[in-house]
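Q: Quick one, fold the following:
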Amino acid sequence: MRIFALCILVVAGAFPASAAAQAYPARPIRLLVPYAPGGNTDIVARTFGQKLSERVGQPVIFDNRGGAAGSLGLGVAAKAAADGYNITIGDLGSMVITGHTNPNRDYQLRDFAPISLVTSVSVVVTVNPRSNLNSIAELIAAARANPGKLTFATSGIGSPNHLAIELMKSMTGIQFLHVPFKGGPQAITAILGGEVDVLFDGSAFAQVRGGKLRAIGVTGPRLPALPDVPGIGETVRGFEFTNWWGMLAPAGTPAEVVRKLNEEFTAIAALPEIRERLTNLGLAARNSTPQEFGDFIRNETDKVARIVREANIKFD
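A: Numbers count the residues shown, from 1 in each chain. Have a look, this model is predicted:
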């Protein structure tokens, strides 16, 4: 009888955890967005979060915590309860670049359980329509013929756009004059006015579609919205640099919950309506396993560290 009773207690003790996993989610999920409303990160978070709510039958509450290039929000997310009801969205800037711009940030990759990569965007290389540059090959040739004279504009020192041009410089040996602006809009205004020769900026997508700028390349694979614009890697073998977004949970979140969320976000990324919405924004749907996403972030961390070191980038 004692053995029988002990068996019952063991089974009873295991049942609540199993039942809880099967019932997840049983209440609203908080999705912390480490940037202010309205930007790409917020749009991606709401696109996936709203669809997640529809699929699991529970509200997804969006919690925008902007500041310090995403560091403040991710610091909060890292310390949230690891119960499956707290998730966040991270990107290249907040997960990787802030390790250089804000060395005192209070979180590391180990503080998160990667769930899934969900989308990415290439930096678009554009020129003024009056420019005589029509391809990446012509751009490289012009830079080699006029070392240090071509002006390459970006949205600021240490931005993904800046890192992309430094990687291109490293892989091709070209020299140019980097002109950093305080943001994408200012850089776009400068190239529209003919003040700079080339612009590296993912936010120039609307100007390209409107015919105000001419795209001659993208820093990753060809974009669904710009299928005729080649990737730089088609000219410079091995080149790829994209901004990206992915979902994460606090470290220690139950593995079965992470798997459930991964399945949901993978399914959402495959939906035609989601792919169409992302394409209209100039983004590309992505997916991964939790392990693949973790490995991806580590590889991106190594890549950025190498670019910063080789280019001797100094952050203010």
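Q: ok, Ile313 touching Gly158?
A: Yes. With contacts counted by CB atoms under 8 Å, Ile313 reaches Gly158, the gap being 6.2 Å. C-betas here are computed from N, CA, C, even on glycine.
Q: What's the local residue count around Gly67?
A: The number of residues packed near Gly67 is 12, by other CB atoms under 10 Å.
Q: State the three-state secondary structure for the nearest residue to it once chain neighbours are set aside.
A: Nearest residue to Gly67, sequence neighbours excluded (CB to CB, 6 or more residues apart in numbering): Gly73, at 7.0 Å. Judged by DSSP: H, G, I helix; E, B strand; the rest coil, the three-state class of Gly73 is helix.
Q: Quick check, pLDDT for the residue lying closest to Leu74 once chain neighbours are set aside.
A: Distance criterion CB to CB, 6+ apart; nearest residue to Leu74, sequence neighbours excluded, is Pro34 at 5.0 Å. pLDDT, Pro34: 97.
Q: looking at it, Pro34 is touching Ala78, isn't it?
A: No. Because the distance of 10.5 Å does not satisfy CB under 8 Å, Pro34 is recorded as not touching Ala78.
Q: Settle it for me: which of Ile313 and Gly158 has more neighbours?
A: Gly158 (23 against 17).
Q: mind listing what that one touches?
A: 97, 100-101, 313, 315 (CB atoms under 8 Å, 6 or more residues apart in numbering).
Q: do the same with Leu109
A: Applying CB under 8 Å, 6+ apart, the residues contacting Leu109 are 95, 294, 297-298, 301.
Q: go with 7 Å
A: 297-298 (CB atoms under 7 Å, 6 or more residues apart in numbering).
Q: cool, Pro37 as well?
A: Contacts of Pro37 (CB under 7 Å, 6+ apart): Asn64.
Q: Tell me the secondary structure of it, please.
A: coil.
Q: What score does it have for pLDDT?
A: In this model, Pro37 carries a pLDDT of 94.
Q: Quickly note the distance from it to Thr266.
A: 26 Å (CB to CB, to the nearest Å).
Q: What's the end-to-end length of stretch 213-232?
A: 18 Å (CA to CA, to the nearest Å).
Q: who's in contact with that stretch?
A: 120, 122-129, 133-136, 139, 164, 168, 191, 204, 207-208, 239-242, 279, 282, 284.
Q: hmm, 6 Å instead?
A: Outside of stretch 213-232, the residues within contact range by CB atoms under 6 Å, 6 or more residues apart in numbering are 122-127, 129, 135-136, 164, 204, 207-208, 239-242, 279, 282.
Q: One more: stretch 196-209?
A: So stretch 196-209 is contacted by 121, 123-127, 150-155, 161, 164-165, 179, 184, 187-188, 190-191, 213, 215, 282 (CB under 6 Å, 6+ apart).
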